Structures are given as C-alpha cells and as structure tokens.
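Colleague: could you work out the structure for the sequence below:
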Amino acid sequence: MASRRMVASGRDTQLFARLSEPAVRTDAALALLLGADPDTARRTVTYFDTIDSAALEKLKGLYERSLGYWSDADVDNGNLARWIANAEAASHVKVAGKRQDWTRAILARGVQAIDFDNGPRSITRVQLRERLVRGLRGADEKKRAEALRLLRFMNEKGALM
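Modeller: Next up is the predicted model:
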C-alpha cells in the first residue's frame, strides 16, 4: 500500500510540475483536483494566484463539465469522498483576494442534480442516499465517517436524523 501511495505521489508531483505549461495547465489542474489528496488540491488552486484569471475561469468550466456522470463505482472506490474532501480543501484558498469556494459550489450542485439514471452503472440520488445510510449503520468506522461526511455535504438532513 505504501508503494502505491508513492506512485500516486510521484504522479501528483509530475502533474503539479505541468501547471507551469499553459498548453496542459487546465488538464493537469483538473486531474489534481479530482485525483490527488486534499492538500495537493488546495495547492493546485493556490497556484492560479500567480497567473491570469482567464486560466482559472477555464479550469472552473472544465471542472463543472467533468462532473456529469455519477457511477456506483465512484461511491464504492471512494472517488466521491475524495472529490468532496478536495473541493472542501480548495474552497478555503484565496486567489486575488477572493475565496475560491467554486469547487465546493460546483460539486454540491452536481451532487444535488443526481436524480436520474444516466447510463449503465450510474447511480441515482435515492440509491446513493440508501448506500450511505447503510454505511452509517455498518461496523466499519472509516465507512461510517465517510458516509456521515457525504450525507452532510448532500444536505440530507432527513437521513442524518
């Protein structure tokens, strides 16, 4: 497991280095926002304080367009939990003196919009809520904490009661 994280960390370092290249900056930043750890996601958004605002606007658009499909595998393998943790970490960053809470807002809007089955192995909001409630009732403490965090992010007050 430690070697796997080292590979991911090396990949994150390589992607972070690509932020200085305008041709691939947005793609590298998106990969870091979705695939890295929360600290790297925070540093990624912070990087945009050193360049023009058009690059940040381009990243916002790409981030929003990348969150259109929600799979049951995204829940099972922890992608959704990582995306939320990264969005929350990045939302505390200030760029040009303004808090960058767009990551959290876009992801929350995307999660709120999960209503319909949008393809094979996709997940609906009802299915997601049911899985998370099951996770809350389970014995695995890590899954319980993750389910609680996700339900809070989704504003599922009824399920949390």
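
Colleague: burial of T50, as a residue count?
Modeller: Counted by other Cβ atoms under 10 Å, the residues lying close to T50 total 10. C-betas here are computed from N, CA, C, even on glycine.

Colleague: any idea how far it lies from L33?
Modeller: Distance, T50 to L33, using Cβ to Cβ, to the nearest Å: 17 Å.

Colleague: now swap in L80 and tell me
Modeller: 14 Å.

Colleague: what's around L80, how many residues?
Modeller: Here the number of neighbours of L80 (other Cβ under 10 Å) works out to 23.

Colleague: just the pLDDT at the nearest residue to it once chain neighbours are set aside, thanks.
Modeller: In space, and not counting its chain neighbours, L80 is closest to D74: 4.9 Å by Cβ to Cβ, 6 or more residues apart in numbering. Per-residue confidence for D74 comes out at a pLDDT of 81.

Colleague: then D117?
Modeller: Looking at D117, its pLDDT stands at 62.

Colleague: where are the low-confidence patches of the protein?
Modeller: For the chain, the stretches flagged by pLDDT under 70 are 1-8, 114-119, 160-161.

Colleague: so where do the helices sit in it?
Modeller: Remark: helices assigned in the chain by DSSP state H are 2-17, 25-35, 38-47, 53-65, 72-76, 79-90, 102-112, 125-137, 141-153, 157-160.

Colleague: and the residue nearest to L80, how close does it get to K94?
Modeller: 29 Å.

Colleague: who's more crowded, the two?
Modeller: Counting neighbours by other Cβ under 10 Å for D74 and for K94 shows that D74 has the greater number, 18 against 11.

Colleague: how near is the more buried one to V111?
Modeller: 11 Å.

Colleague: does L19 touch R43 like I think?
Modeller: No. If you go by Cβ atoms under 8 Å, L19 and R43 don't touch, sitting 9.4 Å apart.

Colleague: list residues touching both of these two?
Modeller: Residues touching both L19 and R43 by Cβ atoms under 8 Å, 6 or more residues apart in numbering: none at all.

Colleague: okay then, goodbye and thanks.
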